[in-house]
Structures are given as structure tokens and as C-alpha cells.
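Chemist: my questions concern the predicted model and sequence given below.
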Amino acid sequence: MPKHCLGAGGWRILKHLPLDGEEEDELDEFEVIVRKLDINYGKNRNGVEERYKFLKRRQKLGEMIDDFMPDLP
């Protein structure tokens with residue numbers, strides 16, 4: 001998928017999704033992008049559980065903000 005099709009907002013979301021090294025190389029492939037978005041945004045979430053996770057999650061000492069933010073529901 002060409003980057004211009006997603007737009008700036010889409011790439012901001014995509015770059016914060018957890019990816020393994022292999023998927024980072026394939027980030028221009030449509031199937032990889034759709035699968036990652038489906039995994040992170042396609043499931044129904046329990047609001048109470050997500051709120052609990054959000055309130056309990058604390059940034060660990062030495063943890064980069066780029067690693068911390070995707071863990072937030």
C-alpha cells in the first residue's frame with residue numbers, strides 16, 4: 001500500500017502499533033497493514049477492563065515513550 005493512500009494520520013497510528021522486525025520490513029504491504037490494524041482495533045473491548053489497564057499502567061524506569069504509548073488501551 002503506498003504511503004500516500006494512508007495519509008499522515010494513518011501513518012501516525014501505524015507507526016505506534018507493535019511490530020516485530022520482520023513486519024517492519026513489510027510495512028508497505030497491504031495485508032500486513034490490514035492485519036496489524038485488525039489485531040489492534042478490530043476486536044470488541046471491555047470498557048471496564050480497558051479503563052483498569054489504563055489506570056494501572058505506569059511507565060517503567062528507562063522505558064521509552066514510544067514503547068509505553070502502544071500499550072495504553
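Modeler: Received, thanks.

Chemist: in the protein, where is pLDDT below threshold?
Modeler: The model of the chain has pLDDT under 70 over residues 1-4, 19-28, 43, 73.

Chemist: list the contacts of the residue sitting nearest the centre point of it.
Modeler: When Cα atoms, centre = their mean is applied to the chain, the residue found nearest the centroid is L17 (2.1 Å). If you count contacts by Cβ atoms under 8 Å, 6 or more residues apart in numbering, L17 has them with K36, L37, N40, P70. The way it works is simple: take the backbone N, C-alpha and C, and place the C-beta from them, glycine included.

Chemist: mind checking what secondary structure the residue lying farthest from the centre of the chain has?
Modeler: Centroid-distance maximum for the chain: L61 at 21.4 Å, with Cα atoms, centre = their mean. The three-state label for L61, taken from DSSP: H, G, I helix; E, B strand; the rest coil, comes out as coil.

Chemist: what distance do you get for it to F68?
Modeler: As judged by Cβ to Cβ, to the nearest Å, L61 and F68 stand 11 Å apart.

Chemist: so what's Q59 up against?
Modeler: Q59 makes contact with I65, F68 under the criterion Cβ under 8 Å, 6+ apart.

Chemist: repeat the analysis, applying 6 Å as the threshold.
Modeler: For Q59, the contacting residues are F68, by Cβ atoms under 6 Å, 6 or more residues apart in numbering.

Chemist: how far away is the residue farthest from the centre of the chain from F54?
Modeler: Taking Cβ to Cβ as the measure, L61 falls 20 Å from F54.

Chemist: repeat for K15
Modeler: Distance of K15 to F54, given as Cβ to Cβ: 21 Å.

Chemist: swap in F30?
Modeler: For F30, the distance to F54 equals 31 Å [Cβ to Cβ].

Chemist: would you turn the contacts of L17 into CSV with neighbour count, distance to E50 and secondary structure?
Modeler: As requested, the contacts of L17 are exported to CSV (neighbours: other Cβ atoms under 10 Å; distance: Cβ to Cβ, whole Å; DSSP: H, G, I helix; E, B strand; the rest coil):
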residue, neighbour count, distance to E50, secondary structure
K36, 18, 19, helix
L37, 15, 18, helix
N40, 14, 12, helix
P70, 12, 14, helix
